[in-house]
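> Let's see this in three dimensions:
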Amino acid sequence: MDAGKGKFNIRGWVYRERKGKNNIFIILRDSTNIIQCVVKKEKVNKDVWEKAEKVTIESSLEISGNIKKDKRATGGYEIEVEELNIVNLAQPFPITKDYSPEFLLEKRHLWLRSRKLTAVMKVKETILDASREFFKMNGWHEVTPPIITSTACEGGSTLFQLKYFNDIAYLSQSAQLYLEALIFSLEKVWSLTPSFRAEKSKTSRHLAEYWHLEGEAAWLDFEGLLKFMEGLISHICQRVAEKNEKELKFLGRDIETLKKIKPPFPRITYDEALKILEKDGIKIKWGKDLRTIEEDTLMKHYEKPLIVTKYPKEVKAFYMKEDPNNPKVVLCCDIIAPEGYGEIIGSSERETDINKLIKRLKESGEDIKNYEWYLDLRRYGSVPHSGFGMGVERVVSWICKLDNIKDAIPFPRTMLRKYP
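The predicted model follows:
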């Protein structure tokens, strides 16, 4: 919808309508915006007026008329209708102003038409575009790893199992292991794939299926990894602030807040996090992972994303490299978003010692035979390397200031929902 002067042709869907004795007001929407259209009985023929009287919410229309600026009109412009064609006369729309979140999930295929979700999806598009742009700027190659796997990456308890011909396979939790294989030819690789976690969680931060942006690079040490992730998050925020001012304003996000998301980000170790939490009245036993409540408490002290490094080895995945100065912790980091949106990135330098990998796998109860292909990566030309995974919907939730991560994806899949 590009509002100019004079004659204007538009097609879209009825967002709102109000019928009077002599004037009918139709708010029409398309993918760009909404605009007010007025049908004046005295200025149109009988056929146009009768069609306008029939119009219902979400009917699809084609309209021609003269456009003019009008500060009183929704969107700042108004079309005085001359011609109106009903493409489809909608039945009474089931979504009214009195609805519950659960009802909106049940009618998700229709609620996607809302201005809120339209704005969110546009911001999400920019986030994906900015991510791809940043990888290209830095010489990374986009690749296409599988989502059907034979082994676990993050932990067997959260795997979705499926029948695979006459065998059993799993839906991927992460593309990481496959990305590691690709660095020995392409060196710096990234992918955007769906990942699946069978977590029995009903929180506002968890999805069973989400979009996972992952990167892996040869010769990248832990410090280099942290700087790259800072750059990526900052680039995303700057691009969204630049390209989505209208959507951010509609969603209630202050653009200036996003513009301030620039390196360096604050950094603390896991041990330092425990000390901060203890001062805030939360005592955590060393060796326990940080939960939502601990992350939220920590973020009361920070306005930028927080980098928490060197978690205990026992709470992290088998492939994370031991800290050479303290084998009880690993060279990993979680990046936690401000304002209570939780972890948005998990990352680490990868373990290159094959014997340590085998030991960790055995301690986890895994069958080494299933990981022989992965262990080969250490047998033939292993190099220092690092990688990360970013939950796209977590980032969307934070940037769009959403109450629930379900609104960061068109059709959310959760423990209790697989329809529609």
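> residues in contact with I24?
Contacts of I24 were listed using C-beta atoms under 8 Å, 6 or more residues apart in numbering, and they are E17, R18, V38, V39, K41, W49, A52, E53, V55. No exception for glycine: its C-beta is placed from N, CA and C like everyone else's.
> For these, could you give me JSON lines that also reports neighbour count?
Converted to JSON lines, these look like this (neighbours: other C-beta atoms under 10 Å):
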{"residue": "E17", "neighbour count": "16"}
{"residue": "R18", "neighbour count": "11"}
{"residue": "V38", "neighbour count": "19"}
{"residue": "V39", "neighbour count": "26"}
{"residue": "K41", "neighbour count": "15"}
{"residue": "W49", "neighbour count": "18"}
{"residue": "A52", "neighbour count": "25"}
{"residue": "E53", "neighbour count": "11"}
{"residue": "V55", "neighbour count": "21"}
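> so of those, which ones are in helices?
Within the contacts of I24, residues falling in helices by DSSP state H are W49, A52, E53.
> Going by distance to Y341, which of these wins?
A52 (44.8 Å; C-beta to C-beta).
> Verify the stated contact: that closest one with I26.
Yes: between A52 and I26 there is a contact at 7.0 Å, judged by C-beta atoms under 8 Å.
> before we move on, the earlier item: can you add pLDDT and give the contacts of I24 back as a markdown table?
Formatted as a markdown table, the contacts of I24 follow (pLDDT from 0 to 100):
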| residue | pLDDT |
| --- | --- |
| E17 | 97 |
| R18 | 97 |
| V38 | 97 |
| V39 | 98 |
| K41 | 98 |
| W49 | 98 |
| A52 | 98 |
| E53 | 98 |
| V55 | 98 |
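> so which of these comes closest to G215?
E17 (48.2 Å).
> May I have the residues that are in contact with the closest one?
I24, F25, I26, I27, V55, T56, I57.
> Any buried residues in the lengthiest strand in the chain, and which?
For the chain, the longest strand by residue count, based on DSSP state E, is strand 6-19. For strand 6-19, a neighbour-count test (16 or more other C-beta atoms under 10 Å) marks F8, I10, G12, W13, V14, Y15, E17 as buried.
> Any regions of the protein where pLDDT drops low?
1-6, 155 (pLDDT under 70).
> Quick check: which element contains G340?
Counting by DSSP states H and E, no helix or strand carries G340.
> Kindly report the same for P94.
P94 belongs to no helix or strand, assigned by DSSP H and E.
> and the gap between the closest residue to it other than its chain neighbours and F93?
Once flanking residues are discounted, P94 sits nearest to K107: 6.0 Å by C-beta to C-beta, 6 or more residues apart in numbering. As for K107, its distance to F93 is 10 Å (criterion: C-beta to C-beta, to the nearest Å).
> got it, and I79?
22 Å.
> The two: which is more packed in?
Set I79 next to F93 and count neighbours by other C-beta atoms under 10 Å: I79 wins out with 25 against 14.
> wait, isn't G342 in contact with T292?
Yes: proximity of G342 to T292 meets the contact threshold set by C-beta under 8 Å, at 6.1 Å.
> Can you pull the residues that touch both of these two?
R205.
> These two: which has the busier surroundings?
Counted by other C-beta under 10 Å, G342 and T292 do not tie: G342 has more neighbours, with 23 against 15.
> What ranges does the stretch 101-250 of the chain have for its strands?
141-142, 148-149, 160-164, 167-171, 188-196, 209-218 (DSSP state E, counting those that start in this stretch).
> possible to save those strands as CSV with distance to L361 and mean neighbour count?
Formatted as CSV, these follow (distance: least, C-beta to C-beta, whole Å; neighbours: other C-beta atoms under 10 Å):
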stretch, distance to L361, mean neighbour count
strand 141-142, 28, 14
strand 148-149, 15, 16
strand 160-164, 19, 11
strand 167-171, 16, 15
strand 188-196, 21, 21
strand 209-218, 19, 23
